[in-house]
Structure formats: structure tokens, C-alpha cells
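Asks: Attaching a predicted model along with its sequence, questions to come.
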Amino acid sequence: MKDMQAQLEKLQRNAAECALIRDLATDAKKRELFARLAEHLAELASAVEQTIGEGAGSEISPDLPPRP
């Protein structure tokens with residue numbers, strides 16, 4: 001379970017970094033690329049988070065809102 005939590009945190013960090021690069025990019029194509037990367041990584045993180053939640057009850061970070 002610790003491996004999955006570590007992967008979740010890594011995906012979240014990478015998504016945030018891509019979003020930052022997107023915001024700083026001056027080239028439109030690079031902005032679009034990093035926007036897609038940030039979105040994709042956020043979706044992957046969400047899937048991992050959901051899997052963790054299903055496997056261990058609600059051991060997800062307390063700062064995240066509960067899933068419906």
C-alpha cells in the first residue's frame with residue numbers, strides 16, 4: 001500500500017509541475033502539450049487514489065474531499 005501512496009504522490013507532483021510549466025510557457029503548442037500532460041497525470045492520480053480508497057477504506061489524504 002505504501003508503494004501505491006508513493007506513486008500517487010509522485011503523479012500529483014508531476015501533474016502540478018506540468019501545470020506550472022503550462023502556465024509559464026510562452027509558446028502555444030507547449031502550453032497545450034503541458035496542459036494535456038497535467039490533465040492526464042491528474043486523471044491517473046485520481047484513478048490510483050480511487051484504487052487506494054477501495055482497498056483501504058478511507059486512508060486517503062485528509063485534505064482531499066470525500067468522493068461521492
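Replies: That came through fine.

Asks: give me the number of residues near residue 15?
Replies: 20 (other Cβ atoms under 10 Å). Yep, even glycine has a C-beta here, placed from its N, CA and C like the rest.

Asks: How about it: what's its closest non-neighbour residue?
Replies: Leaving aside its chain neighbours, residue 15 sits nearest to residue 41 (3.8 Å; criterion: Cβ to Cβ, 6 or more residues apart in numbering).

Asks: can you tell me how far that neighbour sits from residue 31?
Replies: According to Cβ to Cβ, to the nearest Å, residue 41 and residue 31 sit 16 Å apart.

Asks: quick one: buried residues of the longest helix along the chain?
Replies: Assignment by DSSP state H gives helix 28-56 as the longest helix of the chain. Using 16 or more other Cβ atoms under 10 Å as the test for burial, helix 28-56 gives 34, 35, 37, 38, 41, 42, 44, 45, 48, 49, 52.
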